[in-house]
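Colleague: A predicted structure for the sequence below; I have some questions about it.
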Amino acid sequence: MADAPIFIGAAEVADLLQYGALLPVLERALVDFSKHDGMVVQPVRSTVPVDKHNGFLGVMPAYMTESDTLATKIVRFYHQTAFGTSSHQATVLLFNPSDGSLRAIMDGTVITEMRTAAVSAIATKYLKPDRLETLCILGSGAQAISHYNTFTQMFPFKQVRVWSRSRESAERFAGQVQGQVQVCTSAREAVLGADVVITVTMASEPVLFGEWVKPGAHVNAVGACRPEWREVDDALMKNAVLYVDSKEAALMESGDVILSGADIFAELGEVVKGTRPALYEKTTLFKSLGMAVEDAATAKLVFDCWLAKKKPKL
Ligand SMILES: NC(=O)C1=CN([C@@H]2O[C@H](COP(=O)(O)OP(=O)(O)OC[C@H]3O[C@@H](n4cnc5c(N)ncnc54)[C@H](O)[C@@H]3O)[C@@H](O)[C@H]2O)C=CC1
Ligand SMILES: O=C([O-])C1=[NH+]CCC1
């Protein structure tokens, strides 16, 4: 009989996951996915609308042959959640690929926060302009915090600006993170002159407009994961060189891509592999939707770190 699955809660996942180990694991997952050679199986996220309660339940399975990783994430994203709680909550199930038995049930909320910020950081590493002084974050929730933490660790920004729908939540964000943040009264004020812009809102209408974005800047557009939702206007979608995590998913899920009619230049995994160029001297936009392979690779890393910690030291 297979062993009972282990449970790894949010605090332990946060303790086990380090960006230093996570970044190369995610780069490899992005490359493997974008080879499209049949070695990675990842259907586009299956999303169930829960209209009565203004929410969605997403199911994200993947199998990666080379690393022999089989997992699925289940994620809820709701518009109205209790004050102070995240709109996103997730669980990851990690299986033994050889017999399909369940190995681990782990918190997926921390995984989602950390892997999404890490993937944006990978996109930024390849697509950033030469000069990096000002980072702008639109939104002040869980992803804003994980992006702030990752980006201020990885890049030498001199200034970080934040804008949120209410000044109160932007100020709360500034009080939660370590380091200086300039709270802006408008999204325009936050974006003007910024070298890197991150959109991490639950908006369904554009909050970022092309006319504000400095030529040559890099944008990570992380929200708006439904075909009718927007975070970015047509001008920016059409004028920027557009990179995505998955072309197939972008054409099915991203309102910014579908409704603007913008052409996709490449997948991020193709850039990491070197088969498509990083046009960093142009204005670039990475449209992130989130992929099951990112969760599966991260969950495997968490599990391996957990096993290594449990092993008796000789
Ligand atoms: N690409 C990816 O891999 C992932 C993307 N996401 C997306 O990232 C975004 C942020 O997620 P979290 O930080 O976890 O959510 P959160 O609920 O913690 O924060 C959402 C932020 O958006 C703001 N907001 C809500 N409605 C807005 C509107 N109409 N206009 C402007 N701002 C608005 C809120 O004030 C808050 O600052 C969401 O769109 C989410 O679906 C989340 C996980 C993974
Ligand atoms: O990748 C992910 O987990 C999600 N992307 C958008 C909502 C949740």
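Modeller: Alright, I've got the coordinates. Ligands and ions are numbered 1, 2, ... in the order given.

Colleague: Would you mind measuring from the residue positioned nearest the centre of the chain to ligand 1?
Modeller: Centroid-nearest residue in the chain, with C-alpha atoms, centre = their mean: residue 116, separated by 2.3 Å. Residue 116 sits at a distance of 4 Å from ligand 1 (criterion: C-beta to the nearest ligand atom, to the nearest Å). Heads up, the C-betas are built off the backbone N, CA and C, glycines and all.

Colleague: Just give me how far the helix or strand where that residue lies sits from the chain centre.
Modeller: Secondary-structure assignment from DSSP states H and E places residue 116 in helix 109-127. Here the centre of mass of C-alpha atoms in helix 109-127, compared against the chain's by C-alpha atoms, centre = their mean, to the nearest Å, lies 5 Å away.

Colleague: quick one: average pLDDT of that helix?
Modeller: Helix 109-127 carries an average pLDDT of 98.

Colleague: count of neighbours near residue 304?
Modeller: If you count neighbours by other C-beta atoms under 10 Å, residue 304 ends up with 13.

Colleague: cool, residue 23 as well?
Modeller: Other residues close to residue 23 by other C-beta under 10 Å number 18.

Colleague: Counting neighbours, what do you get for the residue in the chain that ligand 1 sits nearest to?
Modeller: Using C-beta to the nearest ligand atom, residue 141 is the residue of the chain that sits closest to ligand 1, at 1.9 Å. Residue 141 is flanked by 18 other residues according to other C-beta under 10 Å.

Colleague: Number the residues from 25 up from this point.
Modeller: Okay, residue one is now 25; in that scheme the one you just asked about reads as residue 165.

Colleague: Same question for the residue in the chain that ligand 2 sits nearest to, what's its three-state structure.
Modeller: For the chain and ligand 2, the shortest gap (C-beta to the nearest ligand atom) falls at residue 314, measuring 1.9 Å. Following DSSP: H, G, I helix; E, B strand; the rest coil, the label given to residue 314 is coil.

Colleague: My guess is it contacts residue 135. True?
Modeller: No. The pair residue 314 / residue 135 is not scored as a contact, 10.7 Å apart, by C-beta atoms under 8 Å.

Colleague: Buried residues in the helix holding residue 140, which are they?
Modeller: 133-151 (16 or more other C-beta atoms under 10 Å).

Colleague: C-terminal to it, what's the next element?
Modeller: Using DSSP H and E, the helix or strand that follows helix 133-151 in sequence is strand 158-162.

Colleague: Can you tell me, leaving aside adjacent residues, what's nearest to residue 174?
Modeller: Nearest residue to residue 174, sequence neighbours excluded (C-beta to C-beta, 6 or more residues apart in numbering): residue 141, at 4.1 Å.

Colleague: dump the residue contacts of the one you found.
Modeller: By C-beta atoms under 8 Å, 6 or more residues apart in numbering, the residues touching residue 141 are 167, 170, 171, 173, 174, 175.

Colleague: can the residues you listed go into TSV with extra columns for neighbour count, pLDDT and secondary structure?
Modeller: Below are the contacts of residue 141 laid out as TSV (neighbours: other C-beta atoms under 10 Å; pLDDT from 0 to 100; DSSP: H, G, I helix; E, B strand; the rest coil):
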residue	neighbour count	pLDDT	secondary structure
167	26	98	helix
170	20	98	helix
171	25	98	helix
173	17	97	helix
174	23	97	helix
175	21	98	helix
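
Colleague: Can you name the two of those that sit furthest apart?
Modeller: Maximum pairwise distance among the contacts of residue 141 (C-beta to C-beta): 11.6 Å, between 167 and 175.

Colleague: before we move on, back to that, give me the contact status of the helix holding residue 140 with ligand 2.
Modeller: Yes. Contact between helix 133-151 and ligand 2, assessed by C-beta under 6 Å from any ligand atom, occurs at residue 136.

Colleague: so that helix versus strand 158-162, what angle?
Modeller: Using axes from the mean of the first three to the mean of the last three C-alpha atoms, to 10 degrees, the inter-axis angle of helix 133-151 relative to strand 158-162 is 140 degrees.

Colleague: pretty sure residue 112 contacts residue 134?
Modeller: No. Using C-beta under 8 Å, residue 112 makes no contact with residue 134, being 10.9 Å away.

Colleague: that older thread, what's around the residue of the chain closest to ligand 2, how many residues?
Modeller: Neighbourhood size, residue 314 [other C-beta under 10 Å]: 23.

Colleague: Just give the nearest non-adjacent residue to it, would you?
Modeller: Distances taken as C-beta to C-beta, 6+ apart put residue 140 closest to residue 314, at 6.0 Å, once the chain neighbours are dropped.
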